[in-house]
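A.B. asks: kindly return the folded structure for what I paste below:
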Amino acid sequence: MSANSSVTTEDETQKEETAVRVENVDFFYPGKVQALYNLSLVLPRGCRCLLVGDNGAGKTTLLKLLAGRTSTLYGNLTVLDHPADFSPSLNFRRAYLGGDWGKRVVPFAGVTALTADIAVHEMMSKLQAEFPERRKKLFDLLQIDENWRMHQVSDGQRRRVQIMLNLLRPVDVLFADEVTTDLDVVTRMDLMAFLKRETEERGMSIVYTTHIFDGLDGWATHMAYLAAGHLVEFGPVSKWPSLVRDVIAAAVGIAA
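C.D. replies: Presented below is the predicted three-dimensional model:
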């Protein structure tokens, strides 16, 4: 009885440490266009996983499945040991930061959330008020002026505001899709350092897709390489001792 209890405890502990679990997942877009093929991987809590691959490899599709933005009938996906489908309770513990955020046009107004005539401090004002210390840290990190009006700022400034709003609430898992696009080199490096600290100090987990590998040496704990919807390589970066920017870029056919 005692031995069985011990085994159960170890199993439960292992389960608690799972950030993402993907088992035999196939995904089809309308018209029976298959985007993912029998995909399986498991990521522990506190990981920083680089998800790499050519355009159209299925990276965004996988992130949206894990973020609950879409779903599949084939296979099993869990985030923090909960089904990855849309869930209000789980959505307080995970965040999805992608290039399409804020691009939906507001009905009858003809603008998007990120291009409307609104000041930064007026956007999600209750959430900004709920986390004042974290807000200040993000404003300083991303060099945001709370009085910026969104219809007057540059693409890079809009991207900073997008990132700030999505990181205001401390989450346990972040799914980030090409979030450093439009950021200058210094801000990009500061952001990646901040996200690394989040994993080390709070145990947050990250799955991050990017085509920009500058400053990422030593950043990732895991790598997953997708090609045409298939998982070609996956594991901790220690599996590839020489893993650096040029190696990753070569693997996905991008000039360093």
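A.B. asks: Ser238 and Thr60: what is the separation?
C.D. replies: Computed as C-beta to C-beta, to the nearest Å, the Ser238 to Thr60 distance reads 27 Å. (Glycine included, C-beta is placed from N, CA and C.)
A.B. asks: ends of stretch 164-183, how far apart?
C.D. replies: Using C-alpha to C-alpha, to the nearest Å, the end-to-end distance of stretch 164-183 comes to 13 Å.
A.B. asks: so what pLDDT did the most centrally placed residue in the chain get?
C.D. replies: In the chain, the C-alpha closest to the average C-alpha coordinate belongs to Phe175, at a distance of 1.7 Å (C-alpha atoms, centre = their mean). pLDDT recorded at Phe175 is 97.
A.B. asks: so what strands line up beside the helix or strand harbouring it?
C.D. replies: Here Phe175 is covered by strand 173-177, with elements defined by DSSP states H and E. Strands adjacent to strand 173-177 in the sheet, as given by DSSP bridges, are strand 94-97 (parallel), strand 205-209 (parallel).
A.B. asks: in a markdown table, list these along with mean neighbour count.
C.D. replies: Converted to a markdown table, the strands paired with strand 173-177 look like this (neighbours: other C-beta atoms under 10 Å):
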| stretch | mean neighbour count |
| --- | --- |
| strand 94-97 | 21 |
| strand 205-209 | 25 |
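A.B. asks: which of those comes out lowest on mean pLDDT?
C.D. replies: Among the strands paired with strand 173-177, strand 94-97 carries the lowest mean pLDDT, a mean of 94.
A.B. asks: closest to Leu80 out of the strands paired with strand 173-177?
C.D. replies: Using C-beta to C-beta as the criterion, the shortest distance between Leu80 and the strands paired with strand 173-177 is 7.3 Å, found for strand 94-97.
A.B. asks: if we look at the closest one, which residues are touching it?
C.D. replies: When contacts are defined by C-beta atoms under 8 Å, 6 or more residues apart in numbering, strand 94-97 is touched by residues 63-64, 66-69, 79-80, 162-163, 166-167, 169, 171-177, 179.
A.B. asks: keep only those of the residues you listed that are in helices.
C.D. replies: 63-64, 66, 162-163, 166-167 (DSSP state H).
A.B. asks: now, among those, which is nearest to Lys136?
C.D. replies: Scanning these for proximity to Lys136, where the rule is C-beta to C-beta, the winner is Leu167, at 12.7 Å.
A.B. asks: the closest one and Val161: what is the separation?
C.D. replies: Using C-beta to C-beta, which is the criterion applied here, Leu167 is 11 Å from Val161.
A.B. asks: hmm, Thr180 is touching Thr210, no?
C.D. replies: Yes. In this structure, Thr180 sits in contact with Thr210. The criterion is C-beta atoms under 8 Å, and the distance is 6.4 Å.
A.B. asks: what average pLDDT does stretch 183-200 get?
C.D. replies: Computed over stretch 183-200, the average pLDDT equals 94.
A.B. asks: okay, buried residues for that stretch please.
C.D. replies: 183, 187-192, 195-196, 198-199 (16 or more other C-beta atoms under 10 Å).
A.B. asks: surely Cys49 is in a helix?
C.D. replies: No. With DSSP: H, G, I helix; E, B strand; the rest coil as the criterion, Cys49 is strand rather than part of a helix.
A.B. asks: who's in contact with it?
C.D. replies: Under the criterion of C-beta under 8 Å, 6+ apart, the neighbours of Cys49 are 43, 205-208, 220-224.
A.B. asks: alright, calling it a day.
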